[in-house]
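**Student:** Quick one, structure for this:
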Amino acid sequence: MQQLRRAAKVYLAVVTAGASAALIAAVVAMVDDRQHLQVLLVLAPMFVLSLHLKSRMTQQVDLSANVPILIAAYLIGGWSVACLVGVSAVVLDRRKSISRVLFNNAQWVLMGLAGGLVYDAMGGESMQTLPDKGFSPELLPPIVVSIAAVIAVNAGLMSGILALQEQIRPSTIWRSMVLSSVGPYFAYGLLGLLMAVLWSIGEGFAAALVLLPLLVARRAWNQYAEQREAYESTIRALVQAVETKDHYTRGHSERVSRASVLIARILDMRDDRVEALRYAGVLHDVGKLGVPTRVLQKTGPLSDMEFAAIKRHPRNGTEMVRGIAFLEEAYNGIMHHHERLDGRGYPLGLSGNDIPEFARIIAVADAFDSMTSTRSYRGARDVSEALSELEKCAGTQFDATMVQALFSALERDPWTTVAPAERRQLDIELGSPTFDHDDPTANLPTEPDAQVAAEAAASEALNERTLHRRDVLGRGGWS
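**Tutor:** Numbering: from 1, shown residues only. Here you go, the predicted model:
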């Protein structure tokens, strides 16, 4: 987390203070009721171990047994045990940012507090009484509602810090977090219930058996994560290869990706689509690997044939990454990011809303970064100047909604242009100016000669049929 904004600091202070008060109350309760000390001494090490063994499922999600252990803690020992088990996470917390350490551990404490208090308020009894009373269906409503309270506290605390620090809309956070968390949390709740039942039968040793299937799942997710990392390494290698050929786009792909994500956040896009868009932004120019280097680095105007070669890069890029399964919707952004709203773009001349949303976003981000980056033939334009140019082209070349979203995004996250010193260094390395086809103010060939146009149309029609056939044949499952 970057340096905290003032509002986020106040929020963090309130959350930390609330968790601290809960911990003090929990310690007092444990002193008065020492029979739950054994529960704490068994579950706290299990909680710490599960944190150590957690597996990265995606960039936003970790897979671990912490939640079922936290739920089992209040089902067995009440809210005080759950709070103290939750704070034990600090033992292995190696985050560099003290703000992250404070927030995440306070969150565990408050989740345990909420679940335990709701369970007690609804008449839930300690699972340690099961051998005497047996399991009653009347325990299910308190368990279900307490798990819902844990979910609500987790989502509420996260939405608060992300809204104040990252400036993400609460509606986006709640939709993405709650919808994606309800199923896993209730599944975890069942595991927590199972741990509590096994505890009543064989104390902590039997309860620990519940961790075994989670360790197996961890191994499976690790293999998935390794495969995904291999894909991402391939993507990074492709982008690096492109930037080696086209010197003046160093860092361009990453910046386009960042600007695209900023726009998507303003549009309240789902997290899974934002992730796909991020990849599309990084890979949007990967098709330049198929364009001759002399064309990419040519000084002065492009000939019709050379511009036809440039126009093939979106299709080339789509072909190159089509085998990467998790990209999915990113293909549309890569293929169509040079289409124009007025239908004068390429490769297919789509217009209006026929242009996929990803492509309309990337088109704006691409042009914006081109104008605000240093090129050999000019310095970086001011952000205000670039935005003014985008506004002039809104409705003809660019989607006005996407342009306005970029305006709004940059009000919250200022954009830094490429430093003039970098331009001078590149001038020393490369010497002469190059042509920049991403700059909307550049003089692009608009009417290639008849032969070039005919050849391009025939090639595009053939490729479109091939792509369509592959799409149809590939829809049977995840390859």
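
**Student:** Flag every buried residue along stretch 398-407.
**Tutor:** Phe398, Asp399, Ala400, Thr401, Met402, Val403, Gln404, Ala405, Leu406 (16 or more other CB atoms under 10 Å). Any C-beta I mention is one placed from the backbone N, CA and C, and that applies to glycine too.

**Student:** ok, now stretch 119-139?
**Tutor:** So stretch 119-139, judged by 16+ other CB under 10 Å, has buried residues Tyr119, Asp120, Met122, Gly124, Ser126, Met127, Gln128, Leu130, Leu139.

**Student:** quick one: pLDDT of the nearest residue to the last one once chain neighbours are set aside?
**Tutor:** The reference is to Leu139. Distances taken as CB to CB, 6 or more residues apart in numbering put Gly124 closest to Leu139, at 6.2 Å, once the chain neighbours are dropped. Gly124 is assigned 84 on the pLDDT scale.

**Student:** got a list of what Gly124 touches?
**Tutor:** Each residue near Gly124 by CB atoms under 8 Å, 6 or more residues apart in numbering is listed here: Leu75, Leu139, Pro142, Ile143, Ser146.

**Student:** Check Leu84 too.
**Tutor:** Going by CB under 8 Å, 6+ apart, the list of residues near Leu84 reads Leu23, Ala26, Val27, Met30, Leu40, Ala44.

**Student:** The same query, at a cut-off of 10 Å, please.
**Tutor:** Shown in contact with Leu84 (CB atoms under 10 Å, 6 or more residues apart in numbering): 22-23, 26-27, 29-30, 36-37, 39-40, 43-44, 47, 73, 77, 109, 112.

**Student:** before we move on, the earlier item: which among the buried residues of stretch 398-407 gets closest to Val150?
**Tutor:** Ala405 (34.6 Å; CB to CB).

**Student:** pLDDT score for the most centrally placed residue in the chain?
**Tutor:** By CA atoms, centre = their mean, the chain has its centre lying nearest to Glu275, at 4.7 Å. Model confidence at Glu275, given as pLDDT, is 84.

**Student:** Tell me if I am right that it is in a helix.
**Tutor:** Yes. Counting by DSSP: H, G, I helix; E, B strand; the rest coil, Glu275 is found in a helix.

**Student:** can you list the weak-confidence ranges in the stretch 1-150 of the chain?
**Tutor:** Counting by pLDDT under 70, the low-confidence segments of the stretch 1-150 of the chain come to 1-2, 32, 34, 52-65, 92-96, 130-135.

**Student:** Strands along that one, start to end?
**Tutor:** Taking DSSP state E, counting those that start in this stretch, the strands of the stretch 1-150 of the chain run over residues 55-56, 62-63.

**Student:** residue contacts, the residue nearest to Ala22 when sequence neighbours are not counted?
**Tutor:** Distances taken as CB to CB, 6+ apart put Leu113 closest to Ala22, at 4.7 Å, once the chain neighbours are dropped. Counting by CB under 10 Å, 6+ apart, Leu113 touches 18-19, 21-23, 25-26, 74, 79-80, 82-83, 86, 149-150, 153.

**Student:** From those, list the buried ones, please.
**Tutor:** Buried members of the contacts of Leu113, counted by 16+ other CB under 10 Å: 19, 22-23, 26, 74, 79-80, 82-83, 86, 149-150, 153.

**Student:** on that earlier part again, so the residue nearest to the centre of the chain touches Val282, yeah?
**Tutor:** No. Counting by CB atoms under 10 Å, Glu275 sits too far from Val282 to count as a contact (11.2 Å).

**Student:** sorry, back to before: TSV for the contacts of Gly124, including distance to Val256?
**Tutor:** Shown next, in TSV, are the contacts of Gly124 (distance: CB to CB, whole Å):
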residue	distance to Val256
Leu75	49
Leu139	54
Pro142	51
Ile143	48
Ser146	45
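
**Student:** Tell me the one among those nearest to Val90.
**Tutor:** Nearest to Val90 among the contacts of Gly124, with distances taken as CB to CB, is Leu75, at 22.9 Å.

**Student:** What is the burial count for that closest one?
**Tutor:** 30 (other CB atoms under 10 Å).

**Student:** same thing with Pro414?
**Tutor:** Pro414 has 7 nearby residues by other CB under 10 Å.

**Student:** now Asp271
**Tutor:** So Asp271, with other CB under 10 Å, has 21 neighbours.

**Student:** From Tyr74, how far out is Asn353?
**Tutor:** 51 Å (CB to CB, to the nearest Å).

**Student:** residues touching Gly112, list them.
**Tutor:** Counting by CB under 10 Å, 6+ apart, Gly112 has contacts 19, 22, 26, 47, 69-71, 73-74, 78-87, 150, 153.

**Student:** run the last query once more with 6 Å
**Tutor:** Residues near Gly112 by CB atoms under 6 Å, 6 or more residues apart in numbering: Leu70, Ala82, Cys83, Gly86.

**Student:** and Ala163, what does it touch?
**Tutor:** Ala163 neighbours (CB under 6 Å, 6+ apart): Pro170.

**Student:** Same check on Leu283?
**Tutor:** Applying CB under 6 Å, 6+ apart, the residues near Leu283 are Val321, Ile334.

**Student:** So it versus Gly290, what's the distance?
**Tutor:** Counting by CB to CB - Leu283 and Gly290 are separated by 13 Å.

**Student:** Break the chain down into its structural domains.
**Tutor:** 6-221, 246-472 (automatic domain parsing).

**Student:** Low-confidence bits of the stretch 201-350 of the chain, can you list those?
**Tutor:** Using pLDDT under 70, the stretch 201-350 of the chain drops low at 202-208, 210-222, 224-225, 245-249, 299, 325-326.

**Student:** what ranges do the helices span in it?
**Tutor:** Secondary structure of the stretch 201-350 of the chain (DSSP state H, counting those that start in this stretch): helices at 211-245, 252-266, 271-283, 293-296, 304-311, 313-321, 330-336.

**Student:** go on, the stretch 51-200 of the chain?
**Tutor:** Under DSSP H, counting those that start in this stretch, the stretch 51-200 of the chain gives helices at 66-77, 79-87, 98-121, 130-133, 140-161, 170-207.

**Student:** Switch those helices over to a markdown table; also include distance to Met335.
**Tutor:** A markdown table is the format used below for these (distance: least, CB to CB, whole Å):
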| stretch | distance to Met335 |
| --- | --- |
| helix 66-77 | 41 |
| helix 79-87 | 47 |
| helix 98-121 | 39 |
| helix 130-133 | 59 |
| helix 140-161 | 35 |
| helix 170-207 | 26 |
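
**Student:** Out of these, the one nearest Val239 is which?
**Tutor:** Proximity to Val239 (CB to CB) singles out helix 170-207 among these, at 26.7 Å.

**Student:** With Thr416 as the reference, measure out to Pro45.
**Tutor:** Counting by CB to CB, the gap from Pro45 to Thr416 is 46 Å.

**Student:** of the two, who's got more company?
**Tutor:** Taking other CB under 10 Å, Pro45 and Thr416 do not tie; Pro45 has more neighbours (15 against 9).

**Student:** what's the distance between that one and Ile69?
**Tutor:** 10 Å.

**Student:** show me where pLDDT drops low in the stretch 351-479 of the chain?
**Tutor:** For the stretch 351-479 of the chain, the stretches flagged by pLDDT under 70 are 374-378, 417-479.

**Student:** Mind doing that once more with 50?
**Tutor:** 419-434, 444-456, 458-479 (pLDDT under 50).

**Student:** Right, I'll leave it there.
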